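Engineer: this is a predicted model, with the sequence first.
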Amino acid sequence: MRFHRTFPVAGTQRAVMPIGKLWMVGSVLHVRFMGGTQAQRKKVQKEALWWTECANLEFVFDDAPDAEIRVSFEPSGGAWSYVGTDCRAIPLDQPTMNLGFLDDGTAAHEFGHTIGLAHEHQNPRSGIEWNTAQVMKDLSGPPNHWTPEQIRHNVLNKYTAAHIKGTDFDPHSIMLYFFPGSWVVGGVGTRANRTLSPLDRSYVGGPEAYPRTEPRRPTAKELVVDATRRTRAGIGNPGEEDLYTFTVETGGTFVADTRGPTDLVMKLYGPDRETALIAEDDNSGVGLNPSITAALVPGVYFLQIRHYRRDDSGVGEYRLKVRSHRP
């Protein structure tokens, strides 16, 4: 999923985060610049780090050949970014973000998409009632020249509650566009906002996103494939995310699943990279347990497990196993 932006930023009380786009808590994300002046790069780094000041993530601007985040500066391309782990599906020779202009807040807005945030105006609780004809007219012309599909995708369409995390609409978030009054029924638009709102900061550093209460780089517990007994563990604190690693010596199909009464979510990453999401599951296993079946090549893999709920009730025990699949 890719989001565009070619007009000023505005502001949120809660961020909107599409389900399934988050990086692993504590991830180290490498950034490669594809062009840009020293001044442009410096500004991008400064605004990107606004997020890591409050979220349990780290950006490393090392121009790594296999960097998860690739930033181009094509002036005619507007400003856009893919969302969260969607960046991993983009070929390494192509950008995951373009910054065709760098008004204050633009890079921060796009890096918000990079860590998994969507547009606040597409929050199903935003209450915005669009003057659709005017929005279509203005955005189909200069400087955007968007198609009707792009306009619906970036502005008019709202997420359903089942597709996002986040609740109340926040008119102060950096993830909200500026809109003139003519675009909104009633004539009251939104104001420009060029910095993270207090609730942007608290949300991305809270239990629904990248909690700072977890270790900066979680220590992974090693699992033995086809172990005789399941590994016993538990979510002891709300928002806790347990991290495991296992090694595939010979490629094939493998199953990772949990057992027990706890409602869990599981993510599988690899090979040899903690940010390359392979699959995610909620309750395909027994009862409320997750189960992932995947064809894996030789390498090191990572399993991240958390409770489905991130409030005070989100604790409980479980048993985990990774096994080779034999039809």
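Structural biologist: Perfect, I can see it now.
Engineer: where in this structure is pLDDT low?
Structural biologist: Residue ranges of the chain with pLDDT under 70: 1-20, 121-127, 159-169, 213-218, 310-311, 327.
Engineer: would you list every one of the helices in it?
Structural biologist: 38-52, 106-114, 132-140, 148-151, 198-204 (DSSP state H).
Engineer: can you spell out which helices and strands pack onto the first one?
Structural biologist: Judged by 3 or more C-beta pairs under 8 Å, 6 or more residues apart in numbering; DSSP states H and E, helix 38-52 is in contact with strand 28-34, strand 58-60, helix 106-114. (Each C-beta comes from the backbone N, C-alpha and C, glycine too.)
Engineer: a markdown table for the helices of the chain, including distance to R319 and mean neighbour count?
Structural biologist: Shown next, in a markdown table, are the helices of the chain (distance: least, C-beta to C-beta, whole Å; neighbours: other C-beta atoms under 10 Å):
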| stretch | distance to R319 | mean neighbour count |
| --- | --- | --- |
| helix 38-52 | 35 | 17 |
| helix 106-114 | 35 | 26 |
| helix 132-140 | 52 | 16 |
| helix 148-151 | 46 | 14 |
| helix 198-204 | 32 | 21 |
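Engineer: and stretch 234-245, how far apart are its ends?
Structural biologist: By C-alpha to C-alpha, to the nearest Å, the extent of stretch 234-245 from end to end equals 16 Å.
Engineer: V184 is nearest to which of the helices of the chain?
Structural biologist: Closest approach to V184 among the helices of the chain is made by helix 132-140 (8.9 Å; C-beta to C-beta).
Engineer: which residues are contacting the closest one?
Structural biologist: With C-beta atoms under 8 Å, 6 or more residues apart in numbering as the test, helix 132-140 has contacts from 146-148, 150-151, 155-156, 182-183.
Engineer: domain map for this structure?
Structural biologist: Domain assignment for the chain, taken from automatic domain parsing, gives 2-204, 221-324.
Engineer: which of the contacts of helix 132-140 sit farthest apart?
Structural biologist: Among the contacts of helix 132-140, the pair separated by the greatest distance (C-beta to C-beta) is T147 and S182, at 20.8 Å.
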